[in-house]
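Student: When you get a sec, could you give me coordinates for this:
(chains A and B)
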Amino acid sequence: DFQMTQSPSSVSASVGDRVTITCRAGQDIRRWLAWFQQKPGKAPKLLIYETSTLQSGVPSRFSGSGSGTDFTLTITSLQPEDSATYFCQQAHALPRTFGPGTKVEIK
Amino acid sequence: QVQLVQSGAEVKKPGASVKVSCKASGYTFTNFDINWVRQATGQGLEWMGWMNPRGGASGFAQKFQGRVSLSSNTSTTTAYMELSSLTSDDTAVYYCARGVVSSSWFDYWGQGSLVTVSS
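Tutor: Residues are numbered from 1 along each chain as shown, chains lettered A, B, ... in the order given. Next comes the predicted model:
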């Protein structure tokens, strides 16, 4: 299975800050990576797919980049509603696997 | 609008089976895969498997092989996930999710169904 890791495990930032989350794949997954946002008690929400394509309706302050094994999710100008846990997911091979998550808190 | 509505919470005893349903609406049911993902309390996301409602093709994560069954009813646009030989480790919220591009991306999710396994 393709192992996925994320860092940091949690981050606390102020409204308006820039937040960057890193996802690393155990093997080359090219650009087959998605990012999800999950709020407590809710289902995950697809934010970005194929590394950098924003899902319809997702604010442009979210962006993704990377390729191969190293990827980033960036939130420019953090908003209160961005408080959530963020997961990466590889789509290069079955089984699909997710990172352990990064919890973003607002100071 | 696309919606996936899942069945309610279940409490099962160890060794029993559970069947979770996922009612799809707002799109052509047979044009997209349905995937199943679970999440234990406070834990990460674990992909279980996928199925195509059109032809019935499916695939599973190896750890669930032989214990999970995926099915669908195209007339009611409902997908089902049945998990057998339950243990306490199966206590989790189970999600269905629509898959696109050969189930690479999961663009719509159900609200989740809590399955509790307890004696």
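Student: The spatially most central residue of chain A bridge partners, please.
Tutor: Residue closest to the average C-alpha location in chain A (CA atoms, centre = their mean): residue A:35, at 3.8 Å. Residue A:35 has these beta-bridge partners by DSSP bridges: residue A:48, residue A:88.
Student: who's in contact with it?
Tutor: By CB atoms under 8 Å, 6 or more residues apart in numbering or on different chains, the contact list for residue A:35 reads A:23, A:46-48, A:62, A:64, A:73, A:86-89. From N, CA and C alone the C-beta is placed, and that goes for glycine too.
Student: With residue B:40 instead?
Tutor: B:46, B:89, B:91-93.
Student: From those, pick the one nearest chain A.
Tutor: Nearest to chain A, judged by CB to the nearest CB, of these is residue B:46 at 7.4 Å.
Student: For the closest one, give the beta-bridge partners.
Tutor: With DSSP bridges as the rule, residue B:46 is bridged to residue B:38.
Student: Make sure it is actually in contact with residue B:60.
Tutor: No. The pair residue B:46 and residue B:60 does not pass the contact test of CB atoms under 8 Å, sitting 12.0 Å apart.
Student: Quick check: residues of chain B near chain A?
Tutor: By CB under 8 Å from any CB of the partner chain, the residues of chain B that approach chain A are B:35, B:37, B:44-47, B:59-62, B:95, B:97, B:101, B:103-107, B:109-112.
Student: go with 10 Å
Tutor: Residues of chain B lying close to chain A by CB under 10 Å from any CB of the partner chain are B:4, B:6, B:35, B:37, B:39, B:43-50, B:59-64, B:93, B:95-112.
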